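Novice: what would the 3D arrangement of this be:
(one chain, ligands or ions: 1)
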Amino acid sequence: MTQWTVERLNRRGDGVARDASAQQVLAQLTLPGEIIDGAVHDGRIETPRILTPSTDRVHADCPHYAACGGCSLMHGSDAFVAKWKADSVTTALAAHGITAKIGGIATSPPQSRRRAVLSGRRTKRGATVGFHARASDQIVDMTECRVLRPAIVAALPVLRELVATGASRGAELALTVTESPAGLDVALTGGKALDAALTERLGQIMRQGDFARLDWDGTPMTRRSPARQMGRARVIPPPGAFQQATAEGEAALLSVVRKSLQGAAHIVDLFAGCGTFTLPLAVTADIHAVEGLAAPLDALDAAWRATPDLHRVTTEIRDLSARPLLPDELARFDAAIIDPPRTGAPAQAEHLAASSLKRVAWVSCDPVTFARDARTMLDAGWRMGPIYVVDQFRWSPHVETVTSFTRD
Ligand SMILES: C[S@@+](CC[C@H](N)C(=O)[O-])C[C@H]1O[C@@H](n2cnc3c(N)ncnc32)[C@H](O)[C@@H]1O
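Specialist: Sure, this is the predicted structure:
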């Protein structure tokens with residue numbers, strides 16, 4: 001059988017391997033340097049046999065690992081994964097001619113992810129709930145998980161009950177499950193239409209799982225408010241709202257943002273969400289929070305109004321792709337935070353680059369789009385500080401970063 005040598009992992013964490021004639025295949029769950037064989041289908045080896053393992057290979061301690069798409073790097077040592085994530089940032093920046101200094105990597109511990117989007121489907125015997133299998137629309141019926149908070153794992157039987165009760169045959173439900181201090185906050189989409197009988201049954205299931213809130217396709221049922229602390233403020237995030245995936249990751253991002261903007265008195269927070277950065281920084285600065293969705297901004301505003309002694313916080317609903325803040329609008333601030341979605345913020349980057357601002361803290365969840373936007377800033381004369389890698393999605397190929405841009 002042909003033998004292949006794994007040269008590197010691609011951005012999805014798949015091994016890129018070559019045989020003696022330089023033919024290339026992709027092989028999941030492999031590591032650089034490994035010699036493998038296995039059946040090739042459509043340019044992929046789905047179940048590679050590891051003939052010569054890497055010294056970075058470790059036992060993946062999860063019964064679902066062979067199939068579950070939630071993790072794809074659990075077979076690599078912590079040191080290997082940390083270096084691979086840092087290297088994927090430097091490689092993305094190098095593609096735009098940028099030499100980056102990595103300031104450090106903060107990896108969230110196992111079982112720390114407090115928010116996950118799971119899938120659920122009714123089956124003949126009940127229901128299946130979990131992440132999708134790798135490159136598949138099948139759902140892995142999860143009984144254990146090394147990344148999710150224990151409270152979410154413990155709720156899996158109740159989540160299955162929820163899906164068995166509320167899913168139409170064949171339909172796939174999406175369950176955004178967030179651990180709040182008051183209990184689980186579950187937002188479900190794709191369920192059966194609510195009627196009196198279903199509402200009553202859902203109430204029983206909520207009590208069984210001791211859920212704080214269940215949002216059924218836009219109809220919220222609340223037993224306790226799923227409020228959480230952001231700085232001194234208590235925010236009630238809207239159902240399913242974006243929140244940083246781990247408390248440790250959020251603290252690491254906030255610490256770099258805070259240090260980068262120290263002493264700033266008037267800050268604009270672009271892509272502000274529910275106020276992860278706005279509310280803690282409002283202890284020392286006036287903040288203008290800009291965000292595309294009304295619901296998170298309403299939550300941010302309500303939290304600010306209910307908290308004594310914070311600086312002034314104003315909010316603006318605005319699509320920052322279609323209508324980025326212009327240089328003359330940015331002129332009234334002395335610093336900015338930007339935390340765009342994975343697509344990055346090419347339009348807003350142009351205007352930040354051309355503005356009179358002197359400091360920008362830049363949070364990113366995609367090194368490739370970040371590198372493009374960083375190029376825009378550097379071309380306009382900004383300097384980029386060290387990049388901190390914040391790994392909130394341990395064992396997945398996902399990489400987040402935070403850095404600062406300054407100029408005199
Ligand atoms: C990565 S999240 C960051 C949220 C917040 N900074 C935090 O840390 O919780 C990106 C945010 O950008 C918002 N968003 C996405 N596209 C947008 C757009 N075109 N204009 C304005 N906001 C947008 C999303 O609703 C989301 O709240």
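
Novice: quick one, strands of the stretch 1-150 of the chain?
Specialist: With DSSP state E, counting those that start in this stretch as the criterion, the stretch 1-150 of the chain has strands at 4-9, 15-18, 24-27, 35-37, 40-41, 44-45, 49-52, 102-107, 115-123, 126-130.

Novice: nearest to residue 219, of those?
Specialist: With distances scored as CB to CB, the stretch of those nearest to residue 219 is strand 115-123 (17.7 Å). For glycine as for every other residue, the C-beta is placed from the backbone atoms N, C-alpha and C.

Novice: and the chain, which residues reach the ligand?
Specialist: Proximity of the chain to the ligand (CB under 6 Å from any ligand atom) is limited to residues 242-244, 271-274, 276-277, 291-293, 296, 319-321, 339, 341, 365.

Novice: buried ones among the residues you listed?
Specialist: Neighbour-count burial within the residues of the chain next to the ligand applies to 242-244, 271-274, 276-277, 291-292, 296, 320, 339, 365; the criterion is 16 or more other CB atoms under 10 Å.

Novice: which of those residues fall in strands?
Specialist: residue 291 (DSSP state E).

Novice: reformat the strands of the stretch 1-150 of the chain as CSV; add mean neighbour count, mean pLDDT and distance to residue 61.
Specialist: Shown next, in CSV, are the strands of the stretch 1-150 of the chain (neighbours: other CB atoms under 10 Å; pLDDT from 0 to 100; distance: least, CB to CB, whole Å):
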stretch, mean neighbour count, mean pLDDT, distance to residue 61
strand 4-9, 20, 97, 20
strand 15-18, 20, 97, 21
strand 24-27, 20, 97, 22
strand 35-37, 19, 97, 22
strand 40-41, 14, 94, 29
strand 44-45, 19, 95, 23
strand 49-52, 14, 97, 17
strand 102-107, 18, 98, 16
strand 115-123, 20, 97, 19
strand 126-130, 21, 96, 17
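
Novice: list the contacts for residue 394?
Specialist: By CB atoms under 8 Å, 6 or more residues apart in numbering, the contact set of residue 394 is 71, 81, 107, 108, 109, 110, 112, 113, 147.

Novice: same thing with residue 210?
Specialist: Residues near residue 210 by CB under 8 Å, 6+ apart: 183, 184.

Novice: for it, give its distance to residue 28.
Specialist: Distance, residue 210 to residue 28, using CB to CB, to the nearest Å: 38 Å.

Novice: likewise residue 204?
Specialist: Counting by CB to CB, the gap from residue 204 to residue 28 is 41 Å.

Novice: show me which of those two is the more surrounded one.
Specialist: Set residue 204 next to residue 28 and count neighbours by other CB atoms under 10 Å: residue 28 wins out with 19 against 11.

Novice: go ahead and confirm that one touches residue 73.
Specialist: No - contact criterion CB atoms under 8 Å: residue 28 and residue 73 do not qualify, at 10.5 Å.

Novice: between these two, which contacts overlap?
Specialist: Here residue 28 and residue 73 have residue 13 as joint contacts, going by CB under 8 Å, 6+ apart.

Novice: tell me where the model's unsure across this protein.
Specialist: Counting by pLDDT under 70, not a single residue of the chain qualifies.

Novice: according to the record, where do the domains of it fall?
Specialist: 4-57, 83-109+243-406, 115-222 (automatic domain parsing).

Novice: what residue lies at the spatial centre of this protein?
Specialist: Closest residue to the average C-alpha location of the chain: residue 245 at 5.6 Å, with CA atoms, centre = their mean.

Novice: quick check, that residue in contact with residue 392.
Specialist: Yes - counting by CB under 8 Å, residue 245 does reach residue 392; the two are 4.1 Å apart.

Novice: which neighbours do the two share?
Specialist: The contact sets of residue 245 and residue 392 overlap at 108, 113 (CB under 8 Å, 6+ apart).

Novice: which SS class is residue 280?
Specialist: Three-state assignment for residue 280 (DSSP: H, G, I helix; E, B strand; the rest coil): helix.

Novice: okay, now residue 362: neighbour count?
Specialist: For residue 362, the neighbour count with other CB under 10 Å is 28.

Novice: confirm that it sits in a strand.
Specialist: Yes - assigned with three-state DSSP, residue 362 falls within a strand.

Novice: so what's it up against?
Specialist: Contacts of residue 362 (CB under 8 Å, 6+ apart): 338, 339, 370, 373, 374, 402, 403, 404, 405.

Novice: okay, and the third one sits in which element?
Specialist: Taking DSSP states H and E as the criterion, residue 370 maps to helix 367-379.

Novice: show me what contacts the nearest residue to residue 391 once chain neighbours are set aside?
Specialist: Spatial nearest neighbour of residue 391, chain neighbours left out: residue 107 (4.3 Å); criterion: CB to CB, 6 or more residues apart in numbering. Residue 107 makes contacts with 78, 81, 82, 391, 394, as judged by CB under 8 Å, 6+ apart.

Novice: at 7 Å what do you get?
Specialist: For residue 107, the contacting residues are 82, 391, 394, by CB atoms under 7 Å, 6 or more residues apart in numbering.

Novice: same question, residue 26
Specialist: Residues near residue 26 by CB under 7 Å, 6+ apart: 14, 15, 16, 43, 44.

Novice: what residues are bridge-paired with it?
Specialist: For residue 26, the beta-bridge partners under DSSP bridges are residue 16, residue 44.
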